[in-house]
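Enquirer: Coordinates for the following, if possible.
(one chain, ligands or ions: 2)
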Amino acid sequence: MFGGSFNPIHNAHVNLASSFIKKLKLDKLLLIPTATPPHKSDSEMVSAEHRLNMCTLASEDIKKVEVSDIEIKREGKSYTVDTLRQLKEIYPDSEIFLITGADMFMTLLEWREPEEIFSLATVCSVPRNDDDVEVLEEKEKLYNKMGAKTVILDLKKCSISSSRIRELAFEDESFSKLVDPKVEQYIYANYLYMDKSKINYDRFDKVLKARMSEKRYIHSFNVAVEAQRLAKKYGADVEKARLAGMLHDITKETSGNEQLQIIENSNIILNDIERPSPKLWHAIAGAAFVRDVMGIDDEDVFNAIRYHTSGRANMSLLEKCVFIADFTGAERDYDGVEEMRSLSNKSLEEAMAFGLSFSVADLAKRRLAIDPNSLACYNEVVLKTSKSYNKSK
Ligand SMILES: [Fe+2]
Ligand SMILES: [Fe+2]
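Expert: Numbering: from 1, shown residues only. Ligands and ions are numbered 1, 2, ... in the order given. This is a model prediction of the structure:
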């Protein structure tokens, strides 16, 4: 049993696990993330689900390691002794080794029912640094007198700590050498441990790259550039246009299940058209992710992302700029893109009427439901522009 908060799991954890498997010839090593650690404040603690997912990613390629959610599933605070009892029930004939960090090993007597722990498992640890060696050995002697079986392995010292990784992530410095590449990717993709109080485009870049293909990243970049240009021309907030343009498709390549989860976490209820239309989810999930996960709490940015595919009645200037930029970004090359571009330079409504008449017709042709927001938007811009349209015909 190797338990811990794993907030996040890092290379030293993984090395420790591999070394114990080898040295003690273990048949199985269970990585067990804690639910609510009894000895830690939870201010920087990310959800159990995230920590569990990172453990799975970090240990995927290591034989004999299994990630277990028994502590997470158990209600209330996790005590090691309870987990050991549970493991003894699951594996009645097995010898159990409990792997602890040096700091945990030294404070074992403060844990709940230490003597029961000693009777259920051999307690194992490793020194963090040279100063630890003596102290650990003294503790070991004390525990042995109490009847405990112990193993102290003197592995190569490794000074990685989860708190250091959290610090580096928060400061936007690289921590790639300290964690598995898949864990690094996961941390960026889910915006964990990041400083949410600042607008930081480098970091937005990282979350985008962790979540999407190169092609979609280029599209996002182009939409940002185009949204900025339109914002400048028509007097919308240029900074917000860049932000919303950059992030508008942030969950476009996210699985449907995860999109729905993000939507649910943000307490957004899908309407009768949205629920059965997966194509509409990414705009809603994207807006929710940007506001609630990334902490960019701006109503106009939220709505620009939320309505970038459907449109809606009474769109703000910013919403219109992002909506159109999605059609006219530099890489777009569909039939009619040049007309759309030239209309966008005359009037936002003209460009929207042009774009929407295509997308509404396309949905109808394929016998797909049309979002009432799209229809309201279509009607609004068509009525507003009908005079000039008829004149030009
Ligand atoms: Fe989109
Ligand atoms: Fe897009």
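Enquirer: all contacts plus neighbour counts: C-alpha atoms, from now on.
Expert: Will do.
Enquirer: Any buried residues in stretch 140-147, and which?
Expert: By 16 or more other C-alpha atoms under 10 Å, the buried positions in stretch 140-147 come out as Glu140, Tyr143.
Enquirer: What mean pLDDT does that stretch get?
Expert: Averaging pLDDT along stretch 140-147 yields 94.
Enquirer: Count the residues that sit near Arg128.
Expert: 18 (other C-alpha atoms under 10 Å).
Enquirer: wait, it sits on Lys157?
Expert: Yes: proximity of Arg128 to Lys157 meets the contact threshold set by C-alpha atoms under 8 Å, at 6.0 Å.
Enquirer: in this protein, which residue is closest to the centre?
Expert: Closest to where the C-alpha atoms of the chain average out (C-alpha atoms, centre = their mean) is Asn190, at 1.4 Å.
Enquirer: who's in contact with that one?
Expert: When contacts are counted by C-alpha atoms under 8 Å, 6 or more residues apart in numbering, Asn190 touches Val207, Val293.
Enquirer: Per-residue confidence, it, what does it come out as?
Expert: On the pLDDT scale, Asn190 gets 96.
Enquirer: Residue ranges in the protein under the pLDDT threshold?
Expert: 36-43, 75, 392-393 (pLDDT under 70).
Enquirer: Mind jotting down where the strands sit in it?
Expert: For the chain, applying DSSP state E gives strands covering 2-4, 29-33, 65-67, 97-100, 122-125, 150-152.
Enquirer: Kindly present these as TSV, with separate columns for distance to Tyr186.
Expert: Formatted as TSV, the strands of the chain follow (distance: least, C-alpha to C-alpha, whole Å):
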stretch	distance to Tyr186
strand 2-4	19
strand 29-33	17
strand 65-67	17
strand 97-100	26
strand 122-125	29
strand 150-152	33
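Enquirer: any idea how far the nearest residue to Phe118 once chain neighbours are set aside lies from Ser316?
Expert: With sequence-adjacent residues excluded and distances taken as C-alpha to C-alpha, 6 or more residues apart in numbering, Phe118 is closest to Ala148, at 4.8 Å. The spacing between Ala148 and Ser316, counted by C-alpha to C-alpha, to the nearest Å, is 69 Å.
Enquirer: between those two, who's got more neighbours?
Expert: More crowded of Ala148 and Ser316, by other C-alpha under 10 Å: Ala148, with 20 against 13.
Enquirer: Dihedrals phi and psi, the more buried one?
Expert: Torsion angles at Ala148 (phi, psi; degrees, to the nearest 10) stand at phi -80, psi 150.
Enquirer: quick one: it and Glu116 touch, right?
Expert: No: contact between Ala148 and Glu116 fails when scored by C-alpha under 8 Å: they sit 9.7 Å apart.
Enquirer: wait, doesn't Glu184 sit right on Ser174?
Expert: No: using C-alpha under 8 Å, Glu184 is not in contact with Ser174, being 9.4 Å away.
Enquirer: So for these two, which residue has more residues nearby?
Expert: Taking other C-alpha under 10 Å, Glu184 and Ser174 do not tie; Glu184 has more neighbours (23 against 11).
Enquirer: nearest spatial neighbour of that one, skipping sequence neighbours?
Expert: Ser176 (6.3 Å).
Enquirer: what's the distance between that neighbour and Val183?
Expert: Using C-alpha to C-alpha, Ser176 is found at 9 Å from Val183.
Enquirer: which one of these two has more residues nearby?
Expert: Val183 (22 against 16).
Enquirer: need the contact list for the closest residue to the more buried one other than its chain neighbours.
Expert: Excluding the flanking residues, the one nearest Val183 by C-alpha to C-alpha, 6+ apart is Met54, at 5.6 Å. By C-alpha under 8 Å, 6+ apart, the contact list for Met54 reads Pro8, Ile9, Val183, Tyr186.
Enquirer: same thing but at 10 Å, please
Expert: With contact taken as C-alpha atoms under 10 Å, 6 or more residues apart in numbering, Met54 is in contact with 6-10, 48, 60, 67, 179-180, 182-187.
Enquirer: gap between the residue nearest to Lys139 when sequence neighbours are not counted and Pro114?
Expert: Once flanking residues are discounted, Lys139 sits nearest to Met106: 6.5 Å by C-alpha to C-alpha, 6+ apart. In this view, Met106 and Pro114 are 12 Å apart by C-alpha to C-alpha.
Enquirer: do Tyr389 as well
Expert: Applying C-alpha to C-alpha to Tyr389 and Pro114 gives a distance of 82 Å.
Enquirer: And these two? Which one has more around it.
Expert: Pro114 (18 against 13).
Enquirer: ok so, going back, for the strands of the chain, could you give me CSV that also reports mean neighbour count and distance to Gly256?
Expert: Shown next, in CSV, are those (neighbours: other C-alpha atoms under 10 Å; distance: least, C-alpha to C-alpha, whole Å):
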stretch, mean neighbour count, distance to Gly256
strand 2-4, 20, 31
strand 29-33, 23, 27
strand 65-67, 20, 25
strand 97-100, 22, 38
strand 122-125, 21, 43
strand 150-152, 18, 47
